[in-house]
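**Q** Have a look; sequence and predicted model below, questions after that.
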Amino acid sequence: MFTEKERSQIEAHGLTVEQVERQIENFRKGFPYLKVVSAASPKDGILELSAEEVADAIARYEEQAPNLKIQKFVPASGAATRMFKELFEFVNEGKRGTGIDRLIDNLDKFAFYPELQQFVANDADDKAKVDAIVKSGLCYGSKPKGLVTFHSYADGNRKAVEEHLAEGAMYAASNGVVKIHFTVSPEHIEGFRSLLDERLAHYEAKFGVKYDISFSVQKPSTDTIAVNPDNTPFRTDEGNLLFRPAGHGALIENLNEIDADIIFVKNIDNVTTDARKDDTITYKKALAGILVGLQREAATLLEKLNSEDIDVQKVANFVEQRLCVKLPTEYNKELLRAILDRPIRVCGMVRNEGEPGGGPFWVANPDGTQSLQIAESSQISPEDMPLMKSATHFNPVDLVCGVRRADGSKFDLTQYTDPETGFISSKSSGGRELRAQELPGLWNGAMAKWNTIFVDVPITTFSPVKVVQDLLRPQHQ
């Protein structure tokens, strides 16, 4: 299938021929649907916390924080293409919808407006103003969301990445140090570094902390080969194979290299202003407190299970009631031991109010158990779609992850993925159609074999910016 030159290209990418052949086989066979049993609900799989339980969880986390290595992990690789799609259509094709009208009518309400005024006069025509946002001036159309100015403050407006500095100081500090890791595209690392070099001192003084900022890029070895519509390898006009980044699921490799006890995971665009951060801070700490408690209990039970000095039914009750794993009728100590010895993630889930996003579901596993997973609509078979529509909650990407074993060693997170999940989509290159493949999503299949706990959190903790007009919402004003 591959020439010697192509084999060399594959190896230079950090891949093996066998891996690429498996990827091509995935295109041919497709990915199987998840064996969804039911949507998780407040009565079955989603924990609803009382005010007292929230307070207890926060106290537990705050007590332990000085003894923990804490990291905030922010996927920030994506370009703001979708955010400015309508603006590009107006500039390039003259297509003008209600979104453009709303943008122009409220231009002075955007936090980036003072910067925009440096590039375009107030009396310029509408197309010139929009062009100055996405192309000729601010160049937001070719920048990542993290470098877009989101919010206005008296002491200086903030880009999305800066809001994560503020958030981190409020819930992810340990002994006065806030560690934040951003995954970014190689071409944007310097943009992030330059901004943070300029602004870190300001936030350190404002919040009384020190920041430890690190970056990583998606590894080329996680890329996937592109194929033609007939599933044969896509070759460029120069005769080379084409590899594409395999989506955010590839970031499990980056997450796996973080040296931390607990890791907060949150998307780059899900931020709000300081005046509205209270619920976010409260529930981030509460999720972390639940995680710390579960880790401690699981470690104790695992140790007793290994020493044979325990009532097996007590372990089974903890697994089912606290770790949210439904056991088969027949189970043994080996199964209980395997379940206790897994990474744990505690995930905030918000009430479904029509926002896009995956949802929380019970899924059947090969070992006879049922566990909680976050699933996208593309992972669910057509006959199971009514379950998707019946879901009361959806996934805002609000995770706190425990990645160490009871003995303090780190889990190898790459061993807890489900390689049978993935996504195939239609794309193009050079005007030619192709099929692309994404690895299991970071909070979908890439964490499929983790112990997962879902917690109901208020909608106020979710303030995403999917299109630029979202910045006009109250959460961003």
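**A** That came through fine.
**Q** List the buried residues for stretch 284-296?
**A** Going by neighbour count (16 or more other C-beta atoms under 10 Å), the buried part of stretch 284-296 is Lys284, Lys285, Ala286, Leu287, Ala288, Gly289, Ile290, Leu291, Val292, Gly293, Leu294, Gln295. From N, CA and C alone the C-beta is placed, and that goes for glycine too.
**Q** quick one: the residue sitting furthest away from the middle of the chain and Tyr140, what's the gap?
**A** For the chain, the largest distance from the centre (C-alpha atoms, centre = their mean) belongs to Asp123, which lies 40.9 Å off. As judged by C-beta to C-beta, to the nearest Å, Asp123 and Tyr140 stand 22 Å apart.
**Q** do Leu196 as well
**A** Counting by C-beta to C-beta, the gap from Leu196 to Tyr140 is 19 Å.
**Q** so where is the stretch 51-200 of the chain shaky, pLDDT-wise?
**A** 79 (pLDDT under 70).
**Q** Mind giving me the packing neighbours of the longest helix belonging to the chain?
**A** Looking across the chain with DSSP state H, the single longest helix is helix 278-306. Applying 3 or more C-beta pairs under 8 Å, 6 or more residues apart in numbering; DSSP states H and E, we find helix 278-306 packed against helix 51-64, helix 160-171, strand 262-266, helix 312-321, helix 333-340, strand 344-351, strand 398-402, strand 451-456.
**Q** if we compare the ones you listed, which one ends up closest to Val467?
**A** helix 160-171 (14.1 Å; C-beta to C-beta).
**Q** Alpha carbons only: can I get that closest one in CSV?
**A** What follows is helix 160-171, C-alpha atoms only, in CSV (Å, rounded to 0.1, in the frame of the first residue of the first chain):
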residue,chain,number,x,y,z
ALA,A,160,-9.7,34.5,27.4
VAL,A,161,-6.3,33.2,28.5
GLU,A,162,-6.1,35.9,31.2
GLU,A,163,-9.5,34.9,32.7
HIS,A,164,-8.0,31.4,33.3
LEU,A,165,-5.2,33.1,35.3
ALA,A,166,-7.8,34.8,37.4
GLU,A,167,-9.8,31.6,37.8
GLY,A,168,-6.8,29.6,38.7
ALA,A,169,-5.8,32.0,41.5
MET,A,170,-9.3,31.5,43.0
TYR,A,171,-9.5,27.7,43.2
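**Q** domain assignment for the chain?
**A** The chain breaks down into these domains under automatic domain parsing: 4-80+161-476, 82-142.
**Q** Output those domains in CSV, with distance to Phe150 appended to each entry.
**A** Output for the domains of the chain, formatted as CSV (distance: least, C-beta to C-beta, whole Å):
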stretch, distance to Phe150
domain 4-80+161-476, 6
domain 82-142, 6
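**Q** Of those, flag the one that's most buried.
**A** Mean neighbours per residue, mean count of other C-beta atoms under 10 Å, is largest over the domains of the chain for domain 4-80+161-476, with a mean of 18.
**Q** Tell me how far Phe394 lies from Ser425.
**A** To Ser425, Phe394 is 21 Å away according to C-beta to C-beta.
**Q** Likewise for Val91?
**A** 26 Å.
**Q** Could you do Arg96 as well?
**A** Distance from Arg96 to Ser425, counting by C-beta to C-beta: 28 Å.
**Q** cool, and Lys389?
**A** From Lys389 across to Ser425, the span is 22 Å (C-beta to C-beta).
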